[in-house]
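Chemist: fold the stuff below for me.
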Amino acid sequence: ESALENLGSLIGDITENMMRSQSWIFMQMGRHIERGITSAQILDEMYLQEEELSETLLRRILELCDCSITYRRRYLNNLNATAVLDMLVFDTTNPRSLIFQADSLRELLKKLPHATTDSRHPIDTYATQLFGQIGMTNAEELLEHLANPDDAQMRDFFQSTIDKLTHLSVMIETGYFAHT
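Modeler: Model (predicted):
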């Protein structure tokens with residue numbers, strides 16, 4: 001518990017006191033990439049390990065994604081698989097959702113040196129594709145495929161999101177931190 005308190009203290013200190021230079025931008029991008037990958041992995045494993053989306057499972061997913069309070073504020077105690085998935089993946093106002101991570105990455109990328117050129121940079125294009133992939137899907141569609149054990153669309157969605165976030169991280173690394 002003290003480790004979490006120390007980490008929270010460090011994050012608060014960084015948020016309040018760090019200059020908004022390129023270092024801060026890269027750190028924020030790293031946070032959004034890590035949060036996106038972790039959330040996609042949690043959702044992929046939790047939704048696909050269980051045959052039935054029980055209330056216990058939905059509560060566990062909300063707790064792991066740090067969204068229990070937000071969910072209760074919106075939906076009271078009415079646990080619903082569609083609402084949980086919608087809030088954790090597609091809700092643009094939820095700072096823990098996948099779409100929020102993708103959109104934040106697009107905005108942060110606009111602040112990097114490559115953004116001053118006239119043509120669209122491959123990193124920007126890739127981040128926009130990630131945002132589009134998430135934005136063009138919805139919770140009902142994914143849950144519909146969950147009912148059929150032979151249908152891998154939900155797993156493909158989360159795996160593709162993880163792969164795209166990982167590849168975006170590599171693109172940023174090689175574009176800005178590759179030293180030859």
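
Chemist: and the residue positioned nearest the centre of the chain, helix, strand or coil?
Modeler: By Cα atoms, centre = their mean, the chain has its centre lying nearest to Gly36, at 2.5 Å. With DSSP: H, G, I helix; E, B strand; the rest coil as the basis, Gly36 sits in helix.

Chemist: now for the helix or strand harbouring His145, which elements pack on it?
Modeler: Following DSSP states H and E, the helix or strand that holds His145 is helix 139-146. Applying 3 or more Cβ pairs under 8 Å, 6 or more residues apart in numbering; DSSP states H and E, one finds that helix 139-146 contacts helix 81-85, helix 153-176. No exception for glycine: its C-beta is placed from N, CA and C like everyone else's.

Chemist: mind giving me the packing neighbours of the last one?
Modeler: Counting contacts by 3+ Cβ pairs under 8 Å, 6+ apart, the secondary-structure elements packed against helix 153-176 are helix 22-49, helix 98-109, helix 122-135, helix 139-146.

Chemist: what's the angle from that helix to helix 22-49?
Modeler: 160 degrees (axes from the mean of the first three to the mean of the last three Cα atoms, to 10 degrees).

Chemist: buried set for helix 153-176?
Modeler: 154-155, 157-158, 161-162, 164-165, 168-169, 171-172 (16 or more other Cβ atoms under 10 Å).

Chemist: among the helices and strands packed on helix 139-146, which is nearest Cys67?
Modeler: helix 81-85 (8.3 Å; Cβ to Cβ).

Chemist: just the buried residues of the closest one, please?
Modeler: Per 16+ other Cβ under 10 Å, helix 81-85 contains these buried residues: 81, 83-85.

Chemist: got the helices and strands packed on helix 153-176 as CSV, with distance to Gly12 and mean pLDDT columns?
Modeler: Formatted as CSV, these follow (distance: least, Cβ to Cβ, whole Å; pLDDT from 0 to 100):
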stretch, distance to Gly12, mean pLDDT
helix 22-49, 13, 89
helix 98-109, 19, 96
helix 122-135, 27, 92
helix 139-146, 32, 81
